[in-house]
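K.L.:
I need the structure of the sequence given here:
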Amino acid sequence: MTSGPDLPAEEEPNSPKAGAAGSAAETQRFEVAEEQQGERLDVFLADHLSEASRVRIRRGIDAGEAKVAGTARKPAYRLKLGQLVEFKLPPPQAEGPEPEPIEVSVLYEDDAIAVVDKLPGMVVHPAKGNWSGTLASALVHHFGQLSQQGGPTRPGIVHRLDRDTSGVMVVAKTDQAHQRLAEQFQARSVKKEYLALVTGCPDRDRDLIDHPIGAHPSQREKKALRSDHSTSRSAQTFYEVEQRFQGVSLVRAFPKTGRTHQIRLHLVSIRCPVLCDKLYGGRSQLTLGELRSISRRKQLGAEMPDNTVLLERQALHAHTLSFAHPLSGEPMQIIAPVPDDIKGLIEILNETN
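P.N.:
Numbering: from 1, shown residues only. From the prediction side, this is the model:
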């Protein structure tokens, strides 16, 4: 879920491009081992140079800096046992994420801001293990000039969504716009509405969940509901049940604060975890057979087999974002359409509801 302008401490914002995996002037040599024969050249180099981005490695290969047995090869070249691979890592193009031609769904744009619909599965900005394929790289390629107030690895990024959460995000093109948007997030005047499909049915039609969130006591990638720790911070989410199915509910969530994983944790606290939330719900995908079991309705999707995969990410979507335009002050309300995977699941649930 969104975190607001105060980004979580567990993320590692440092760019890998300074000194990553060796000097740009140094030719590195690797011999193809038995378990590596048949690998693509680009995959082989990415495995050996894990601290360098795949984009940077690909740029070196395209420039002829990857030689196998003395001959420059293409990224898809298949390696043979015992071959010597020589590679010179190119210098970084610039500090910050490298532009990548990734499609961006733009919901609104003017000279100061853009509002985009983030795809599920996309990390917002570069961090350890995710140097390429990020929304930040897509934004730099698509828009060019973006605000730098968030730091060199986060151009234009004012707030975030989790990797597997889809939906609406506002992006700042200028530092002035960024500052004024950040102030709105800080003042909690930005209104956010999420749609979530959850396991089970909440006891109440609507309620305010008020549980502080802090660091998990043992797992770094998780957060926890706790009020007795130095990392604990207040967190409030109002929710209302939009639709009840057998074993599943469609919920609208309105976070009042912007803590990492807030909506997901708060829904767990009422025993209704977000569907396919691997981290907090224990399930990474949902098949039709599993849905039939959860809902106790074997007639669901009668024409499809049990092993049909309906969902492969957490069923959480940032649906609406309301804020004041950072320059004109005009009220803005931007809606991101419900994505096909969540929409399709709701349609199946509605078949015999």
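
K.L.:
check which helix or strand residue 137 maps to.
P.N.:
helix 135-143 (DSSP states H and E).

K.L.:
got the buried residues for that helix?
P.N.:
The neighbour-count check on helix 135-143 (16 or more other Cβ atoms under 10 Å) flags 135, 136, 137, 138, 139, 140, 142, 143 as buried. All C-beta atoms are positioned from the backbone trio N, CA, C, and that covers glycine.

K.L.:
can you give me the strands in the stretch 151-300 of the chain?
P.N.:
Along the stretch 151-300 of the chain, the segments classed as strands by DSSP state E, counting those that start in this stretch run 166-172, 191-199, 206-210, 213-215, 223-225, 236-244, 248-255, 286-287.

K.L.:
CA atoms only for stretch 83-100 - export them in CSV, please.
P.N.:
Below are the C-alpha coordinates for stretch 83-100, written out as CSV (Å, rounded to 0.1, in the frame of the first residue of the first chain):
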residue,chain,number,x,y,z
GLN,A,83,34.3,-21.6,-22.8
LEU,A,84,36.0,-18.4,-21.6
VAL,A,85,33.7,-15.5,-21.3
GLU,A,86,35.3,-12.0,-21.2
PHE,A,87,33.2,-9.0,-20.2
LYS,A,88,33.9,-5.3,-19.6
LEU,A,89,31.1,-3.7,-17.6
PRO,A,90,30.2,-0.3,-19.1
PRO,A,91,30.1,2.8,-17.0
PRO,A,92,26.8,4.0,-15.6
GLN,A,93,24.9,6.3,-17.9
ALA,A,94,23.8,8.6,-15.1
GLU,A,95,23.0,8.5,-11.4
GLY,A,96,19.6,7.1,-10.9
PRO,A,97,17.4,4.5,-12.7
GLU,A,98,18.2,3.9,-16.4
PRO,A,99,15.3,4.6,-18.8
GLU,A,100,13.5,1.5,-19.9
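
K.L.:
what's the average pLDDT for that stretch?
P.N.:
For stretch 83-100, the mean per-residue pLDDT is 82.

K.L.:
so what's the gap between it and the chain middle?
P.N.:
Centroid separation between stretch 83-100 and its chain, computed with Cα atoms, centre = their mean, to the nearest Å, is 24 Å.

K.L.:
my guess is residue 77 meets residue 40, correct?
P.N.:
Yes - assessed by Cβ atoms under 8 Å, residue 77 is found in contact with residue 40 at 7.0 Å.

K.L.:
low pLDDT regions in the stretch 101-250 of the chain?
P.N.:
Applying pLDDT under 70 to the stretch 101-250 of the chain flags the ranges 127-131.

K.L.:
give me the domain ranges for the chain.
P.N.:
27-88, 105-349 (automatic domain parsing).

K.L.:
next, count neighbours for residue 99.
P.N.:
By other Cβ atoms under 10 Å, 18 other residues sit near residue 99.

K.L.:
quick check: residue 194 vs residue 168, distance?
P.N.:
The spacing between residue 194 and residue 168, counted by Cβ to Cβ, to the nearest Å, is 10 Å.

K.L.:
what do these two both touch?
P.N.:
Common neighbours of residue 194 and residue 168, using Cβ atoms under 8 Å, 6 or more residues apart in numbering, are 318, 319.

K.L.:
list the contacts of the nearest residue to residue 208 once chain neighbours are set aside.
P.N.:
Distances taken as Cβ to Cβ, 6 or more residues apart in numbering place residue 238 nearest to residue 208, at 5.0 Å, with adjacent residues excluded. Taking Cβ under 8 Å, 6+ apart, we find residue 238 in contact with 206, 207, 208, 209, 253, 254, 256.

K.L.:
and the fifth one, what pLDDT?
P.N.:
At residue 253 the predicted local distance difference test score is 98.

K.L.:
what do you get for the last one?
P.N.:
Residue 256 is assigned a pLDDT of 96 by the prediction.
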